[in-house]
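Peer 1: Structure, please.
(chains A and B)
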Amino acid sequence: MDDLYRDYILEHYRRPHNFGVLDAPTASYEGANPLCGDRITMQLTIRDGVVAEVGFTGRGCAISQASASLLTDEIKGKPVDEVAGFAATDLLDLLGIEISPARLKCAMLSFDSLQHLLDDAGVKPLARDAG
Amino acid sequence: MATETRPAPVPLDPVAIRADFPILDQEVNGHRLVFLDSAASSQKPLAVIEALDSYYRHDNANVHRGIYQLSERATAAYEGARVKVARLINAPNPHEIIWTRNATESINLVAYAWGRRAIGRGDAIVLTEMEHHANLVPWQILAQEKDGDLEFIPITDDGILRLDVFDVLLRLKPKLVAFTHVSNTLGTVNPVEELTRRAHEAGALVLVDGAQAVPHMPVDVQAIGCDFYVFSGHKALGPTGSGVLWGRRELLEAMPPFLGGGDMIREVHLRRSEWNDVPWKFEAGTPDISAQIGLGVAVDYLAALGMDRLREHEHRLTAYALDMLPREVPGIEIYGPPADQRGGVVAFNLSGIHPHDVAQVLDSYGVAIRAGHHCTMPLHERLNLSATARASFQAYTTTEDIDALAVALREADRLFNG
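Peer 2: Okay, the predicted model is just below:
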């Protein structure tokens, strides 16, 4: 059982990075997969066009939480335009593991939350159509 | 509850039974497949698989229509399966057996055909907190449409229905009481005869969801005394697409049709039609002929096993699991009543590990369980759980399977909790 639960995935699950609540975030979003009980509250603070601070709290399966930890690491300190250009496939590359269709929603929870944050902050409107 | 006065039945031989299920003879990730998700859908014995194959090779034709040999053979097999199902659940008449796609559709049929006339503003329907969405959502839709009122028999933390609260709810004079025979998440076996008796005394009709009961134990709809009983063929060793609604004849005859179209009519004119007799009144269009024929073969298989022997087999497995798993698996919490009050369903959690991750690790060891809410979200909410893992048993399940489950669970614990 090494493929999915590589050491670093478990590490990010046990000791997630950027875990916590921000003081005065620019945007905050609560995402959840009600079907399985994964939930993530993600926040970010934008200053001078840069993601100055990012944080999340949540609970759920290892994939959902580890992906939030990795994603927040990745976007911290980056210009918002760059973060807006971050694609779902980039997150899968970050995770670096084979995600089955059944677990895709777990992995994408943090990515979807980020899209809502960017929409909320006026950086990038949400894509309203499917696909 | 009636006590068994017959001598203990000769135990099933699960090793011999496993040989009848070709799908079990495979490896997953280098491990023997250990299939513990029969509650979601059961595996099929070779007899059923061969019956489907034979049907399409030799007997396939639309039913009820042809005067030619093939159609007569198909019709005989299709209607013959109805007789077999009636016998399995001791229905007084095979014409009270309506073919549907599954238990969900059966319940929807009652909600539409019976419910829409019977339920009016302010009328109450009593359900339970442990219902599968199939025996919940159709009533929600009906109640919303008719401005009716849904009430719920609550459960104890152990998953036992509170009959004292039920008695209070009955004072609302509900039109219908609907409940599950065996919980697909907690395994609780409900006192269906007692519930039915009390409901009838209060003037309510009774629908029982037997999806998790018929495949695992003897069911006698006349002894239960209920008005409607449903189950899914695909959980009872039959093909997907096979399901059953049993209803008391007088009720079915008084109900308007569910779906309209061919076969459910006797006569059709431009502006009006005459309905066919029960059960065909409720079977519009070309049915899943092979699925129901396959279910008939599955029923033969189950009858040959003996449903009381099957119940005893699963009871032994469940007692084994409930005794062994807490000892062998660190941090496991099992939900539901003790072994003697439940069927072969075990929902649990491992401390510190999300059920999805548990199921994923188990898959790498060839063990197939289910993780999520098992179509019982309100039940999970009631127990303050976001999700659970679930193992469930059938005739082909062995104690070795449960041992393999324990080993894999220990690995999951080791991986996540160090």
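
Peer 1: Report the secondary structure state of the residue in the stretch 201-350 of chain B that chain A sits nearest to.
Peer 2: Of all residues in the stretch 201-350 of chain B, B:N349 sits closest to chain A, at 10.8 Å by CB to the nearest CB. C-beta: built from backbone N, CA, C; applies to glycine. With DSSP: H, G, I helix; E, B strand; the rest coil as the basis, B:N349 sits in strand.

Peer 1: who are the neighbours in contact with the closest residue to it other than its chain neighbours?
Peer 2: Nearest residue to B:N349 in three dimensions, chain neighbours excluded: B:E333, at 5.2 Å (CB to CB, 6 or more residues apart in numbering or on different chains). Taking CB atoms under 8 Å, 6 or more residues apart in numbering or on different chains as the criterion, B:E333 is in contact with B:F348, B:N349, B:L350, B:S351.

Peer 1: With pLDDT and neighbour count as new columns, can these be given to me in CSV?
Peer 2: Formatted as CSV, the contacts of B:E333 follow (pLDDT from 0 to 100; neighbours: other CB atoms under 10 Å in any protein chain shown):
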residue, pLDDT, neighbour count
B:F348, 98, 23
B:N349, 98, 20
B:L350, 97, 22
B:S351, 95, 11
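
Peer 1: Give the burial count for whichever residue of chain A sits closest to chain B, as a bare number.
Peer 2: Closest residue of chain A to chain B, CB to the nearest CB: A:G37 (2.6 Å). A:G37: 23 surrounding residues under other CB atoms under 10 Å in any protein chain shown.

Peer 1: how many other residues sit next to the residue lying closest to B:F348 once chain neighbours are set aside?
Peer 2: Spatial nearest neighbour of B:F348, chain neighbours left out: B:I334 (4.6 Å); criterion: CB to CB, 6+ apart. By other CB under 10 Å, 17 other residues sit near B:I334.

Peer 1: Surely B:I334 forms part of a strand?
Peer 2: Yes. Read with three-state DSSP, B:I334 is one of the residues of a strand.

Peer 1: Could I get the contacting residues of it?
Peer 2: Taking CB under 8 Å, 6+ apart, one finds B:L322, B:L325, B:P326, B:V346, B:A347, B:F348 in contact with B:I334.

Peer 1: how does it look with 7 Å?
Peer 2: B:L322, B:L325, B:P326, B:V346, B:F348 (CB atoms under 7 Å, 6 or more residues apart in numbering or on different chains).

Peer 1: Find the helix or strand that the fourth one is a member of.
Peer 2: The one in question is B:V346. Element membership of B:V346 [criterion: DSSP states H and E] is strand B:345-350.

Peer 1: Off-centre distance for that strand?
Peer 2: Taking CA atoms, centre = their mean, to the nearest Å, one finds the center of strand B:345-350 at 19 Å from the center of the full chain.

Peer 1: Tell me which other helices or strands that strand touches.
Peer 2: With contacts taken as 3 or more CB pairs under 7 Å, 6 or more residues apart in numbering or on different chains; DSSP states H and E, strand B:345-350 sits against strand B:332-335, strand B:388-392, helix B:399-417.

Peer 1: What about residue 109, how many residues nearby?
Peer 2: I'll assume chain A. Other residues near A:L109 number 27, with proximity taken as other CB under 10 Å.

Peer 1: ah, I was thinking of chain B
Peer 2: Per other CB under 10 Å, the neighbour tally for B:L109 reads 24.

Peer 1: list the helices and strands whichever helix or strand it is part of packs on?
Peer 2: Using DSSP H and E, the element containing B:L109 is helix B:103-109. The helices and strands touching helix B:103-109, judged by 3+ CB pairs under 7 Å, 6+ apart, are strand B:228-232, strand B:243-247.

Peer 1: Spell out which parts of chain A neighbour chain B.
Peer 2: Contact residues, chain A versus chain B (CB under 7 Å from any CB of the partner chain): A:M1, A:L4, A:Y5, A:L10, A:L35, A:C36, A:G37, A:G60, A:C61, A:A62, A:R103, A:C106.

Peer 1: Need the helices and strands packed on helix B:103-109 in TSV (columns: mean neighbour count, distance to chain A and mean pLDDT).
Peer 2: Formatted as TSV, the helices and strands packed on helix B:103-109 follow (neighbours: other CB atoms under 10 Å in any protein chain shown; distance: least, CB to the nearest CB, whole Å; pLDDT from 0 to 100):
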stretch	mean neighbour count	distance to chain A	mean pLDDT
strand B:228-232	29	21	98
strand B:243-247	29	24	98
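
Peer 1: Which of those sits closest to B:A284?
Peer 2: Comparing the helices and strands packed on helix B:103-109 against B:A284 with CB to CB, the closest turns out to be strand B:243-247 (13.8 Å).

Peer 1: how about the CA coordinates for that closest one, as PDB?
Peer 2: This file holds the C-alpha atoms of strand B:243-247, laid out as PDB (Å, rounded to 0.1, in the frame of the first residue of the first chain):
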ATOM      1  CA  GLY B 243     -36.800  -6.100  -8.100                       C
ATOM      2  CA  VAL B 244     -40.000  -7.000  -6.400                       C
ATOM      3  CA  LEU B 245     -43.000  -5.300  -4.900                       C
ATOM      4  CA  TRP B 246     -45.400  -7.500  -3.100                       C
ATOM      5  CA  GLY B 247     -48.800  -6.000  -2.200                       C
END
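
Peer 1: following it, which helix or strand shows up next?
Peer 2: Reading on from strand B:243-247 to the C-terminus, the next helix or strand found by DSSP H and E is helix B:249-254.

Peer 1: List the contacts of that following helix.
Peer 2: Residues outside helix B:249-254 that contact it (CB under 7 Å, 6+ apart): B:N93, B:E96, B:W114, B:D227, B:V278.

Peer 1: Tell me which two of those residues sit farthest apart.
Peer 2: Longest distance between any two of these is 18.3 Å, between B:N93 and B:W114; criterion CB to CB.

Peer 1: Name the residue in these two with the higher neighbour count.
Peer 2: B:W114 (24 against 14).

Peer 1: what's the neighbour count on the spatially closest residue to the more buried one that is not a sequence neighbour?
Peer 2: Nearest in space to B:W114, with sequence neighbours left out and distances taken as CB to CB, 6+ apart, is B:M255 at 5.1 Å. Neighbour count for B:M255, taken as other CB under 10 Å: 22.

Peer 1: Chain A contacts on the stretch 251-400 of chain B?
Peer 2: So the stretch 251-400 of chain B meets chain A at B:H354, B:H356, B:D357, B:Q360, B:V361, B:S364, B:G372, B:H373, B:S386, B:A387 (CB under 7 Å from any CB).

Peer 1: Sheet partners, orientation included, of the strand or helix carrying B:L207?
Peer 2: Per DSSP H and E: B:L207 is located in strand B:205-209. Next to strand B:205-209 in the sheet, as set by DSSP bridges, lie strand B:176-180 (parallel), strand B:228-232 (parallel).

Peer 1: what are the ranges of the helices in chain A?
Peer 2: For chain A, the helices defined by DSSP state H cover A:7-14, A:62-75, A:80-84, A:88-95, A:101-120.

Peer 1: Now do the third one: everything it contacts.
Peer 2: Spelled out, it's helix A:80-84. A:I46, A:G49, A:V50, A:V51, A:I75, A:L118, A:V123, A:K124.

Peer 1: how about the nearest residue to the residue of the stretch 101-250 of chain B found nearest chain A, chain neighbours excluded?
Peer 2: Proximity to chain A, evaluated over the stretch 101-250 of chain B using CB to the nearest CB, is greatest for B:H133 at 11.7 Å. Once flanking residues are discounted, B:H133 sits nearest to B:C375: 4.5 Å by CB to CB, 6+ apart.
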